[in-house]
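> Whatever this is, show me its structure:
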Amino acid sequence: MSRRKWVIRPMTADDIDAVLEVERASFTTPWSRAAFAAEVADNDLAYYLVGEADGAVVGYAGVWIILDEAHVTNIAVLPAYRGQGLGEQLLTALMAYAKKRGALSMTLEVRVSNEGAQRLYRRLGFMPRGIRKQYYSDTKEDALIMWKEGL
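So this is what the prediction gives:
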């Protein structure tokens, strides 16, 4: 499959409907409209990006910058667009933003069963550093905590 040229840009309140579609297609316990609205409008620590294909939002990613650490809140791509490089481009753009904002490291949690996401994170330099037991409320699945040092 050929690599697509994605448009990556900051998320706005106008993107929330499309982001909710990506969220619902990606997670069994999706965030609410109110949660995304608060992140975009009210959370000074948060920064969110969307990825577009042919003018439509098909993925998004978010990060919180807290002092010198960046915490990835969510990253998701519509199923039909997975495996085409959008997730990698979104995360790379978040890493660049976090570095520009003074973050020295970045962390995230990922389901222990999500091997595809873990491969992507390792390829970008994230390393496993611990487990959060029963982190995911829907299935009580553990989360693998991964860190990237030296942004």
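
> Low-confidence bits of the chain, can you list those?
Applying pLDDT under 70 to the chain picks out residues 1-3.

> Grab the longest strand from it for me.
Counting residues, the longest strand found in the chain (DSSP state E) is strand 56-66.

> in it, what counts as buried?
57-65 (16 or more other Cβ atoms under 10 Å). The C-beta positions use only the backbone N, C-alpha and C, and glycine is treated the same way.

> Quick check: next helix or strand after it?
Per DSSP states H and E, strand 56-66 leads on to strand 69-77 as the next helix or strand towards the C-terminus.

> Show me what the longest strand of the chain is packed up against.
Applying 3 or more Cβ pairs under 8 Å, 6 or more residues apart in numbering; DSSP states H and E, one finds that strand 56-66 contacts helix 16-26, strand 46-53, strand 69-77, helix 86-100.

> hang on, isn't Asp142 packed against Gln134?
Yes - shown here, Asp142 and Gln134 form a contact pair, counting by Cβ atoms under 8 Å, at 6.5 Å.

> Between these two, tell me which one has more neighbours.
Asp142 (16 against 11; other Cβ atoms under 10 Å).

> show me what contacts that one?
111-112, 131-136 (Cβ atoms under 8 Å, 6 or more residues apart in numbering).
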